[in-house]
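*Asks:* need coordinates for the following:
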Amino acid sequence: MKASLAEILSRIPGAPSKKWPAGERYATALAHGTLSLGLYAPIGQDPQTPHSQDEVYIVRSGSAEFVVSGEHAACVTGDVLFVAAGVEHRFEALSPDFSAWVVFWGPKGGEKSA
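*Replies:* Numbering: from 1, shown residues only. Predicted coordinates:
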């Protein structure tokens, strides 16, 4: 499988919806089994809600404040962030060029630590 950044970016923004009146800011690049990889490029605000799978963000461009369960952490290009399934999180103070690769995997409810 192969995904082209140019092709993925051409699908953002996606179709408008109640959650995304100006068009969805996420596009799936690859998917196989429980794994999916996409690009997330919110503008101004991040309306996401908790996800049913564990996820990793890899900041592709720009900067933001990453908020997880009320705790804030600055993030910039190249940073890698983990969020367990079901945990409240969002990006704040987004730079205009902010985007992040997003990897989802595993069972609904997330993987359990040993």
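*Asks:* now the nearest residue to residue 105 once chain neighbours are set aside, what are its backbone angles?
*Replies:* Once flanking residues are discounted, residue 105 sits nearest to residue 35: 4.5 Å by C-beta to C-beta, 6 or more residues apart in numbering. To be clear about C-beta, it is placed using only N, CA and C from the backbone, and glycine gets the same treatment. Main-chain torsions, residue 35, degrees, to the nearest 10: phi -90, psi 140.
*Asks:* isn't residue 35 up against residue 104?
*Replies:* Yes: using C-beta atoms under 8 Å, residue 35 is in contact with residue 104, at 7.0 Å.
*Asks:* what are the ranges of the strands in the protein?
*Replies:* 26-32, 35-40, 54-61, 63-68, 71-76, 80-83, 89-92, 99-105 (DSSP state E).
*Asks:* the closest residue to residue 22 other than its chain neighbours: how many residues sit nearby?
*Replies:* Among residues not flanking residue 22 along the chain, residue 13 sits closest, at 6.1 Å (C-beta to C-beta, 6+ apart). Residues lying near residue 13 (other C-beta atoms under 10 Å) number 14.
*Asks:* re the thing from before, same list, the strands of the chain, but as TSV with mean neighbour count please.
*Replies:* Output for the strands of the chain, formatted as TSV (neighbours: other C-beta atoms under 10 Å):
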stretch	mean neighbour count
strand 26-32	15
strand 35-40	18
strand 54-61	18
strand 63-68	18
strand 71-76	12
strand 80-83	15
strand 89-92	18
strand 99-105	20
